[in-house]
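In: can't give you the sequence, but here's the structure:
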């Protein structure tokens, strides 16, 4: 058994077809079938039920798939670490949500490969409401910088930037003269909600329910600019996040704080593992050192 045969098995499992898997792997269906058959002989069991409509995994195939994904990732991880130790190129697969990319400084996001020239960073930007759980489960990503409400049990979370939910209105709106309002002041107003995570209840909605009312959510959007346009044209109130509004300032709008603080933070997310990869450890250290350095600069500036 070798990792190549495991990777071939994984492709057949996911495609549910030798023909489709063979096309992706650039080999013949006969060659792929022979490779999987050899794997079955090594394991002394059938991995697939073969039929006219394709293939279905046996219970042993299901078990192997769960283990094979992890084994292939570990082998790839070992290769990465050896590459770093030998001075060759390593790769960090980083996932980041749109608003996080806008809120965090550019020198934080792109300073890592400058500090570690032998590590290439592959950055994948996704919508704020994108669910990262599957990407971590499939070993497609090493780390994520995201806004979250719910936390996955199989991931570690480190706080990067604290934020809170705010209300945004046009300067012609009846609430625009206020700098702070209660969440109950929003009960009878049509709202646009800044989407931050797939699945589960938005923290703002949960807080409204605690206060005994269901908010009038007209739209849930990932695009802040669209929310701003709706504030101006339709007079709705946008429920957003303070650090996002700080980045995307619009002089025609008023940002209003809520008396009842609702946290909306940015976290560095990594998958829980018995042994953490060298690249992930270096990235976590880089992020933490950056945060400490910037906190110290703030303290020094305030003390002057």
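Out: That came in fine, so what should we check first? The structure displayed is predicted, hence computed values, not measured ones. Residues are numbered from 1 along each chain as shown.
In: Report the distance from stretch 230-239 to the chain centre.
Out: 28 Å (C-alpha atoms, centre = their mean, to the nearest Å).
In: end to end, how far does that stretch reach?
Out: Distance between the two ends of stretch 230-239: 12 Å, counting by C-alpha to C-alpha, to the nearest Å.
In: just stretch 270-280 next, same as before
Out: 8 Å.
In: Then stretch 235-255?
Out: Span of stretch 235-255 from end to end, C-alpha to C-alpha: 14 Å.
In: Can you tell me what sits against it?
Out: Here stretch 235-255 makes contact (C-beta atoms under 8 Å, 6 or more residues apart in numbering) with 99, 102-103, 147, 161, 163-173, 175-176, 186, 189-194, 196, 204, 218, 224-225, 227-228, 230-232, 257, 264, 266. Any C-beta I mention is one placed from the backbone N, CA and C, and that applies to glycine too.
In: List buried residues within the residues you listed.
Out: 99, 103, 147, 161, 163-170, 173, 186, 189, 191-194, 196, 204, 224, 227-228, 230-232, 264, 266 (16 or more other C-beta atoms under 10 Å).
In: In strands, which of the residues you listed fall?
Out: 147, 161, 165-170, 191-194, 266 (DSSP state E).
In: Check these against residue 24 and report the nearest one.
Out: Nearest to residue 24 among these, counting by C-beta to C-beta, is residue 147 at 33.8 Å.
In: All the strands of the stretch 51-200 of the chain, in order from the start?
Out: 54-57, 90-97, 119-126, 143-147, 155-161, 165-170, 180-181, 190-194 (DSSP state E, counting those that start in this stretch).
In: Determine the set of other helices and strands touching the second one.
Out: So the one you mean is strand 90-97. Applying 3 or more C-beta pairs under 8 Å, 6 or more residues apart in numbering; DSSP states H and E, we find strand 90-97 packed against helix 59-85, strand 119-126, strand 143-147, helix 278-303.
In: And that strand, what's buried?
Out: 90, 92-97.
In: residue contacts, the residue lying closest to residue 185 once chain neighbours are set aside?
Out: Among residues not flanking residue 185 along the chain, residue 175 sits closest, at 6.9 Å (C-beta to C-beta, 6 or more residues apart in numbering). Going by C-beta under 8 Å, 6+ apart, residue 175 touches 167, 169, 181, 185, 189, 237, 256.
In: re the thing from before, for residue 14, which of the helices and strands packed on strand 90-97 is the nearest?
Out: Once the helices and strands packed on strand 90-97 are compared by C-beta to C-beta, helix 59-85 is nearest, at 8.4 Å.
In: to the chain's geometric centre, what's the distance from the closest one?
Out: 21 Å.
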